[in-house]
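Undergrad: mind looking at a prediction? Sequence and model below.
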Amino acid sequence: MNVSALTPSELRSRLKEAGIFLQIGAFVIHVKTSIRSVAEGIGLLYADYPLAEDVGFADFHVRLISPGNLRRWFRPQVLFSFDGRIPFKPLPLDQAFPMLEWGMNWCVSGHAHQYLILHAAVMEKQGGSVIMPAPPGAGKSTLCAALVNREWRLLSDELALIDKADNALVPLCRPVSLKNESIHVIRKFEPDAVLGREVRDTMKGTVAHMKPPAESVAQRHVTARPAWIVFPKYQPGAPTRLEPQPKARAFMHMVESAFNYSLLGPQGFQMMANLVDACDCYEFTYSNLDEAVAVFADLKLPAP
Amino acid sequence: MPLNPKWQVADENEFLLRSWDDEFVVYNGATGDTHLLGLVAAQVMLKLQQTPTDAVSLAEWVAPLQQIEPDDEFVLFIEQILTNFDSLGIIEHSRL
Amino acid sequence: MKAAYSLVAQVLRHPETAVLLGLAEWDLLIRQARHADLLARIYAMLDEQGLIDSIPAKPRAHLESADTVVKRHAQAIRREVHCLRKALATIDLPVILLKGAAYLMADLPPARGRIFSDVDILVPKGHLNQVEAALRLHGWASSHHDAYDQRYYRIWMHELPPMMHLKRQSVLDVHHNILPESARVHPDPRKLIEAAVPAGEDQSVKVLAPVDMVLHSATHLFHEGELEHGLRDLADMDSLLRYFGESPSFWSALMSRAQELELTRPLFYALRYANLVLGTPIPESATINQTVVRPHWSLVAVMDALYGRALAPVHPSCSDWLTGTARWLLYVRAHWLRMSPWLLVHHLFHKAFLSPKHS
């Protein structure tokens, strides 16, 4: 059964009472909350996600709580709870849904060391996948959102999970987080894209999440082969430019964007080296999304 | 301390190394650090792993591989590499 | 007692039963173990018994993830000890490791599946200044600059203010005793230093002798205010006792050393709760000996009620309405044991007064 099988009021009451067990990629996340905006966000953006009610096991138990004190009337706030622990400072109540998204990223990146984890978007097309690591502001999510609206499968817009056994990319398909101008850019680029409510004045500015394609959500068990590593850079007015990057340099950039590379020790090094070895590496400067999409469509699979 | 001391790779270090084109990435198991090395630096490191060596001898050994003269400037360059390696805990003064 | 009933305590007592758990029980076990910081310990126990591959993939992933963190951490601690050895060699002092780093370097069972946030060393009090200077020369610096904190540590505590390595950001605690100067009992640290043994082949890296190590662990556990990791520390105690207890002379040596160092009380509680909660085997001879130092039954009953709660994992599934109170009472008790009353008031007042600045 998918989330979409529940009516909004059923979803709200389930979230409030026992919570729901969302199957997200390889993880089951147990979410409990009585906050309305979170229920709405889940109902809209997680509609195609299966509910794992009878597995009995959740990888992470999270709650969003609005503390019941004076602040309820005077600047209400929201807390993220990881099985009873509060890892972050509270945020304004209005930011409850983005907080759920950030909190889930934190759960995975801080605890799933069975994978090598990179801060990167991952998309796949016809058997080859592209890894896009980038610091905030490089336009990673915008490019990712554009590509998944043009036939690329979304594996993740934030966290690349690499399997220790075979270096395959493991899907963690979630709503794509768009910030500030990107929201408008994507609305214009793909008028049919479904976006959640815009939340203003967060630490990242205005954010809105884009609903992932249903096919990407459904292929949660299908891992992908890494083929390209692309470091994107959005530069207003710049011509579209794809330039090969020396692999040793790419390696060091990948290390910078990894969450747990150093934790994995020698194994992390070997995995990263194999990954870089298997991929063609590029720096990509862009300002025009249509041109960018065309460049990605022309990527050739690296020689084996 | 002699003017031209011999250096060696600190014995607790365990390196993993990969190279692409003329660049190397090196993982040091003892410190958990990863370093990006150019060809000359990598040659210096490999030499020091084999045997304790001083900067002048290193320059004389590496220069022919690079097809250049081991002049003072090159020795200075080698010394800079050694200083870097030292501060990263990769090498230490040899007791030999 | 309450702490013994948690699922995580059951699995620590009988790791072989883990293979019988259903997914819903695994869900609870992983949650309790995560809160008690015992995930990697459970991994290590199951791995030792060759059972890890029989565990369902989902919970196993969490255990393996925790194990990855622990292994990397152990590597970092070894590096740290190596650097410490180099630094103290310049003043001809061996490194005497305490707690976690000691277990790790001596390859003792509690090191398996355990994260230690800092390295603790014991140095002769007369050498403190020299040690501090040598450490500064090798990149460590004091992390407390507040004059009150410095004075507090130097006058009343059994350690210097924590030092941090400027490059590696690692934290080092330099102790000159195992209990604060202000505490009610004063084990003589010279005796501990004299009896210290090499951790491995390197003569300049030492650890406390087995009996002293157990006594220190007991002292730490039952003079410590923060019992958030009580069950984890008790599990350390349990695996030390199971390991050293194999040797027949260990138990009588432990009893006489406890008397010599005035540490019979913490040892009494440590053995009692290790046995009650984790089923640690205690030979009869040791039990009989214990009755001599046993506190009045009414006190034991109160302590059972308090520790029975506080030693459970800090997880909602293991708490009742008295758990918070029990933890608070033990916190106050620990401070009471470590300090004279007027100093306690002064310290708590000063801490409370300063806290907004620090938070």
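TA: Cool, got the structure.
Undergrad: list the residues that contact the closest residue in space to residue A:296 that isn't next to it in sequence.
TA: Among residues not flanking residue A:296 along the chain, residue A:147 sits closest, at 6.0 Å (CB to CB, 6 or more residues apart in numbering or on different chains). All C-beta spots, glycine's among them, are computed from the backbone N, C-alpha and C. For residue A:147, the contacting residues are A:123, A:293, A:296, by CB atoms under 8 Å, 6 or more residues apart in numbering or on different chains.
Undergrad: residue C:17: which of those is nearest?
TA: The closest of the contacts of residue A:147 to residue C:17 turns out to be residue A:123 (CB to CB; 44.8 Å).
Undergrad: of the contacts of residue A:147, which belong to strands?
TA: Per DSSP state E, strands hold the following members of the contacts of residue A:147: residue A:123.
Undergrad: which residues of chain B lie near chain C?
TA: Counting by CB under 8 Å from any CB of the partner chain, the residues of chain B close to chain C are B:12, B:29, B:30, B:31, B:32.
Undergrad: can you add secondary structure and give those residues back as CSV?
TA: Below are the residues of chain B next to chain C laid out as CSV (DSSP: H, G, I helix; E, B strand; the rest coil):
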residue, secondary structure
B:12, coil
B:29, coil
B:30, coil
B:31, coil
B:32, coil
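Undergrad: just the buried ones from these?
TA: B:29, B:30, B:31, B:32 (16 or more other CB atoms under 10 Å in any protein chain shown).
Undergrad: helices of chain B, start to end?
TA: Per DSSP state H, chain B carries helices over the ranges B:39-50, B:55-66, B:72-87.
Undergrad: now for the closest residue to chain C within the stretch 201-304 of chain A: which residues touch it?
TA: Nearest residue of the stretch 201-304 of chain A to chain C, counting by CB to the nearest CB: residue A:263, 4.8 Å away. Contact partners of residue A:263, counting by CB under 8 Å, 6+ apart, are A:113, C:68, C:69, C:72.
Undergrad: 6 Å instead?
TA: residue C:72 (CB atoms under 6 Å, 6 or more residues apart in numbering or on different chains).
Undergrad: ok, now residue C:140?
TA: So, once contact is read as CB under 6 Å, 6+ apart, residue C:140 ends up touching C:163, C:165.
Undergrad: could you report the distance from it to residue C:84?
TA: According to CB to CB, to the nearest Å, residue C:140 and residue C:84 sit 9 Å apart.
Undergrad: quick one: low-confidence ranges for the chain?
TA: This is for chain A. A:68-74 (pLDDT under 70).
Undergrad: could you do chain C instead?
TA: C:2, C:145-146, C:148-149, C:151-156, C:181-184, C:224-228, C:288-293, C:318-359.
Undergrad: can you pull the residues of it lying near chain B?
TA: residue C:79 (CB under 6 Å from any CB of the partner chain).
Undergrad: what sits against residue B:7?
TA: Here residue B:7 is in contact with B:48, B:82, B:91 (CB under 6 Å, 6+ apart).
Undergrad: residue B:85 is in contact with the last one, correct?
TA: Translated: residue B:91. Yes - between residue B:91 and residue B:85 there is a contact under CB atoms under 6 Å: 4.4 Å.
Undergrad: same for the longest helix along chain C, what does it pack against?
TA: In terms of residue count, the longest helix belonging to chain C (DSSP H) is helix C:57-89. Where contact means 3 or more CB pairs under 6 Å, 6 or more residues apart in numbering or on different chains; DSSP states H and E, helix C:57-89 is packed against helix C:23-35, helix C:39-48, strand C:95-98, helix C:99-105.
Undergrad: what inclination does it have with respect to helix C:23-35?
TA: If you take axes from the mean of the first three to the mean of the last three CA atoms, to 10 degrees, helix C:57-89 sits at 20 degrees to helix C:23-35.
Undergrad: quick one: helix C:57-89 to chain centroid distance?
TA: Counting by CA atoms, centre = their mean, to the nearest Å, helix C:57-89 is centred 17 Å from the centre of its parent chain.
Undergrad: just how off-centre is the one helix or strand residue A:96 maps to within its chain?
TA: Using DSSP states H and E, residue A:96 maps to helix A:96-111. Remark: helix A:96-111 is offset 10 Å from the chain centroid, using CA atoms, centre = their mean.
Undergrad: which outside residues touch that helix?
TA: A:35, A:37-38, A:41, A:60, A:62, A:64, A:78, A:80, A:91, A:117, A:158-159, A:199, A:202, A:207, A:259, C:65.
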